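Engineer: with the input below, show me the fold.
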Amino acid sequence: MFRIVTLEREFGCGCGSIAAEIAQRLGWKLWDQNLTVEIAKRAQVDESEVCLCDERVDSRLYRLAKAFWRGSYERSLPLAGSRAFDTDRLVSTVEQIMHSIAEEGNAVVVGRGAPFFLRGRPDTFHVFTYAPVDEKIRRLIALGKSREEAEELVHCVDKERIAFVKHYFNADWPTRSLYHVMLNTSLGDKLVVETVLETMHALEAKSMQREIHMVR
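Structural biologist: Reported below is the predicted structural model:
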């Protein structure tokens, strides 16, 4: 039986609202914006610091400087401080949270590397959502973005996610083999939600039939 759903997404494809609907239909906890809150709480930093690191790799200059100071006797400098919050610390914190979420179950998790942290778990159903560029821009404009801003976000954010996944998981983004379904959200949110739930239930029924057959 599935106890967790992860949803990875292209930026602007409407995954957040789709995940919220899935969570509501299942009666499960949604981990999306509140995941940022939990990361900040565990790392004891402001939420704005988490947002600055969220699914992006620190600049090469910063990473080189950090590596330099870690190998230096000058460990009292602020850059080497144990409480400095960067993407390395973000990923470490998220990994701990993902283990807690998996133990608790009944969760729908959006992004933050969840498919990679929870890969291989038979109780986790993985979804990837995407959309044509025009559809993503349309959705972002509907949320109040200007066309120029929407085009820039669509162009840049997924590039950062590609770099993030390559750096921390040594994998391509998206890694197609991780997902049970990959869905184009231009089909409509309702159809996407129904497809996710129907596929989950079909796989659960198939698994139960297999177990019954093995017992016999």
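Engineer: rest of the way, CA atoms for contacts and neighbours
Structural biologist: OK.
Engineer: now V157: closest residue in space that isn't a chain neighbour?
Structural biologist: Take V157 and drop its neighbours on the chain: the residue closest to it by Cα to Cα, 6 or more residues apart in numbering is F11, 6.5 Å away.
Engineer: burial of the one you found, as a residue count?
Structural biologist: Per other Cα atoms under 10 Å, the neighbour tally for F11 reads 23.
Engineer: now the closest residue in space to P122 that isn't next to it in sequence, what's its secondary structure?
Structural biologist: Using Cα to Cα, 6+ apart and skipping the chain neighbours, the partner closest in space to P122 is F2 (7.4 Å). Judged by DSSP: H, G, I helix; E, B strand; the rest coil, the three-state class of F2 is coil.
Engineer: what do you get for F125?
Structural biologist: strand.
Engineer: hey, what's it bridged with?
Structural biologist: V5 (DSSP bridges).
Engineer: how about stretch 103-115 as CSV, C-alpha atoms only?
Structural biologist: Extracted C-alpha coordinates of stretch 103-115, given in CSV (Å, rounded to 0.1, in the frame of the first residue of the first chain):
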residue,chain,number,x,y,z
GLU,A,103,8.2,7.1,9.1
GLU,A,104,5.0,9.0,9.7
GLY,A,105,3.5,8.2,6.3
ASN,A,106,0.2,9.6,4.8
ALA,A,107,2.0,12.5,3.1
VAL,A,108,2.1,14.3,-0.2
VAL,A,109,5.5,15.9,-0.8
VAL,A,110,6.3,18.5,-3.4
GLY,A,111,9.8,18.8,-4.8
ARG,A,112,12.9,19.3,-2.6
GLY,A,113,14.5,16.2,-3.9
ALA,A,114,11.9,13.9,-2.4
PRO,A,115,11.9,11.3,-5.3
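Engineer: distance from the top helix by length along the chain to the middle of the chain?
Structural biologist: If you go by DSSP state H, the chain has its longest helix at helix 189-215. Remark: helix 189-215 is offset 23 Å from the chain centroid, using Cα atoms, centre = their mean, to the nearest Å.
Engineer: most centrally placed residue in the protein?
Structural biologist: Nearest residue to the geometric centre of the chain (Cα atoms, centre = their mean): G111, 1.0 Å.
Engineer: wait, it sits on F11?
Structural biologist: No - counting by Cα atoms under 8 Å, G111 stays clear of F11, with 10.3 Å between them.
Engineer: quick one: A23 and D32 touch, right?
Structural biologist: No - assessed by Cα under 8 Å, A23 is found out of contact with D32, at 10.8 Å.
Engineer: so between the two, which is more surrounded?
Structural biologist: Comparing A23 with D32 by other Cα under 10 Å, the one with more neighbours is A23, at 20 against 17.
Engineer: show me what contacts the more buried one?
Structural biologist: With contact taken as Cα atoms under 8 Å, 6 or more residues apart in numbering, A23 is in contact with 29-30, 107-108.
Engineer: report the angle between whichever strand or helix holds it and helix 189-215.
Structural biologist: Assigned by DSSP states H and E, A23 falls within helix 15-26. Here the directions of helix 15-26 and helix 189-215 differ by 50 degrees (axes from the mean of the first three to the mean of the last three Cα atoms, to 10 degrees).
Engineer: which elements pack onto the helix or strand following helix 15-26?
Structural biologist: As assigned by DSSP H and E, the chain's next helix or strand after helix 15-26 is strand 29-31. Identification of packing neighbours for strand 29-31 by 3 or more Cα pairs under 8 Å, 6 or more residues apart in numbering; DSSP states H and E yields helix 15-26, strand 107-110.
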